[in-house]
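*Asks:* Let me see the structure of the following:
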Amino acid sequence: MAKQVVILAGGKGTRLMPLTKDIPKPMVRVAGRPFLEWQLTYLQRQGVQSVLLLVSHLAHVIEDYFSKNPMPGMRLRFSTEPEPLGTGGALRLALPKLDSQFWLINGDSFLPLDLQEMADHSRRFNAEATMAVLTDLSLVPVPGNIRVQENVISAYQKGAGAASGFPNVDAGIYLLHRRLIEATPEGKFDLERLWPPLIEARKLVAYPITQRFFDIGTPERLQYFEEHLDDYF
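*Replies:* Modelled structure (predicted):
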């Protein structure tokens with residue numbers, strides 16, 4: 001199983017103002033602790049020891065907090081964007097710090113997922129990349145954007161919806177090879193740019209999940225996660 005987890009932690013959290021007035025989105029408090037700390041705690045329980053944080057907006061807040069509140073047994077490193085580069089561009093900038101294979105997750109969402117099981121699934125299908133895919137849209141307030149055929153993602157269209165033939169949704173956890181990032185040019189781009197050639201080659205595997213994921217994009221969703229915190233911690 002890949003040993004490194006990379007977390008996209010550069011969000012501003014404009015919809016969470018004034019909570020994010022002086023802190024980046026992943027540092028919003030949930031039950032008295034930063035959301036990012038809950039995320040890292042869950043990874044820590046799965047044996048993750050190496051984490052790379054892709055930071056941008058108010059990056060020093062994250063670095064200062066974890067320098068004073070280290071995660072026992074976990075090495076945290078940082079890659080800082082000098083300017084917003086998009087989710088893909090931030091990953092490309094961090095290329096020298098990436099392992100040959102790594103997990104990529106979002107710093108503003110939480111998904112109770114067994115990384116070992118997802119890694120085993122990916123290996124069975126000889127995947128170039130694997131995406132966690134939510135199969136029950138009733139669990140999340142977002143439209144479907146994924147079509148799956150025989151465990152392989154056959155189409156990706158943001159915001160398409162189930163009525164358009166996209167009954168699944170990208171759950172925001174990926175298992176990727178470093179060589180995919182090496183093949184991208186430097187500069188600003190979003191992660192979705194990686195998917196079309198993988199879909200065409202039938203190398204983007206879907207890992208189906210049935211549990212909901214939580215995000216903290218709005219005050220209401222933040223509160224919902226806090227209400228369910230005891231389910232996982």
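*Asks:* How far off centre is the lowest-mean-pLDDT helix or strand in the chain?
*Replies:* Using mean pLDDT, DSSP states H and E, the weakest-scoring helix or strand in the chain turns out to be strand 214-215, at a mean of 90. Relative to the centre of its chain, strand 214-215 is centred 11 Å away, using C-alpha atoms, centre = their mean, to the nearest Å.
*Asks:* before we move on, what about stretch 60-79?
*Replies:* Centre-to-centre, stretch 60-79 and its host chain are 18 Å apart (C-alpha atoms, centre = their mean).
*Asks:* now stretch 219-231
*Replies:* A distance of 18 Å separates the centroid of the chain from that of stretch 219-231, by C-alpha atoms, centre = their mean.
*Asks:* and what of stretch 120-133?
*Replies:* The answer for stretch 120-133 is 16 Å, by C-alpha atoms, centre = their mean.
*Asks:* For the closest residue to residue 99 other than its chain neighbours, the count of nearby residues, please.
*Replies:* Leaving aside its sequence neighbours, residue 99 sits nearest to residue 4 (C-beta to C-beta, 6 or more residues apart in numbering; 4.1 Å). No exception for glycine: its C-beta is placed from N, CA and C like everyone else's. By the criterion of other C-beta atoms under 10 Å, residue 4 has 20 neighbours.
*Asks:* Run through the bridge partners of residue 4.
*Replies:* residue 50, residue 102 (DSSP bridges).
*Asks:* on that earlier part again, just the buried residues of the helix or strand following the least confident helix or strand of the chain, please?
*Replies:* Downstream of strand 214-215, the next assigned helix or strand under DSSP states H and E is helix 219-227. By 16 or more other C-beta atoms under 10 Å, the buried positions in helix 219-227 come out as 221-222, 225-226.
*Asks:* what would the residues you listed look like in a markdown table with distance to residue 97 and pLDDT?
*Replies:* Below are the buried residues of helix 219-227 laid out as a markdown table (distance: C-beta to C-beta, whole Å; pLDDT from 0 to 100):
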| residue | distance to residue 97 | pLDDT |
| --- | --- | --- |
| 221 | 30 | 91 |
| 222 | 30 | 93 |
| 225 | 29 | 93 |
| 226 | 32 | 95 |
